[in-house]
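K.L.:
Any chance you could fold what I've pasted below:
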Amino acid sequence: AAVEVGAAGFASLVGASLLDLTGVLGAGAVAVGGLAILPYKRASLKAATRREVHELRERLNTTLQAHFARELDHSVGRVRDAVGAYTEHVALRRAHLDGAHDALR
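P.N.:
Prediction:
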């Protein structure tokens, strides 16, 4: 009995949808519209994502280059400070030895 009621309900639903062509046509229009809009939106989102990733990559590269340049300058300054006293000592000794060399000539 339940199967007959289910079959009867299904038949009446199918019959009603066949009589109501505007509903079927409306559903078809929505389906076709969805099939046209979804790929466009997907392509648009992919392009936007690519653009954002490219911009992020450029900002990251610029930031890393600036940071690396600052650190390199800082490191070179520290090395010069560390070696500065020795360089001055070598220059003084060189001048002293050059003077002694000239005196021996």
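
K.L.:
Check the average confidence over whichever strand or helix holds residue 70, would you?
P.N.:
Using DSSP states H and E, residue 70 falls within helix 21-104. Helix 21-104 comes out with an average pLDDT of 88.

K.L.:
Which elements pack onto it?
P.N.:
Here helix 21-104 touches helix 2-19, going by 3 or more C-beta pairs under 8 Å, 6 or more residues apart in numbering; DSSP states H and E. All C-beta spots, glycine's among them, are computed from the backbone N, C-alpha and C.

K.L.:
Need the CA coordinates for stretch 87-105. CSV is fine.
P.N.:
What follows is stretch 87-105, C-alpha atoms only, in CSV (Å, rounded to 0.1, in the frame of the first residue of the first chain):
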residue,chain,number,x,y,z
THR,A,87,94.7,48.1,10.3
GLU,A,88,95.8,51.2,12.1
HIS,A,89,98.6,49.3,13.8
VAL,A,90,99.8,47.8,10.5
ALA,A,91,99.8,51.3,8.9
LEU,A,92,101.9,52.7,11.7
ARG,A,93,104.3,49.8,11.6
ARG,A,94,104.5,50.1,7.8
ALA,A,95,105.3,53.9,8.1
HIS,A,96,108.0,53.1,10.7
LEU,A,97,109.6,50.4,8.6
ASP,A,98,109.5,52.6,5.5
GLY,A,99,111.3,55.3,7.5
ALA,A,100,113.9,52.8,8.7
HIS,A,101,114.3,51.5,5.2
ASP,A,102,114.9,55.1,3.9
ALA,A,103,117.4,55.8,6.7
LEU,A,104,119.4,52.7,5.7
ARG,A,105,119.7,53.8,2.1
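
K.L.:
Cool, thanks, talk later.
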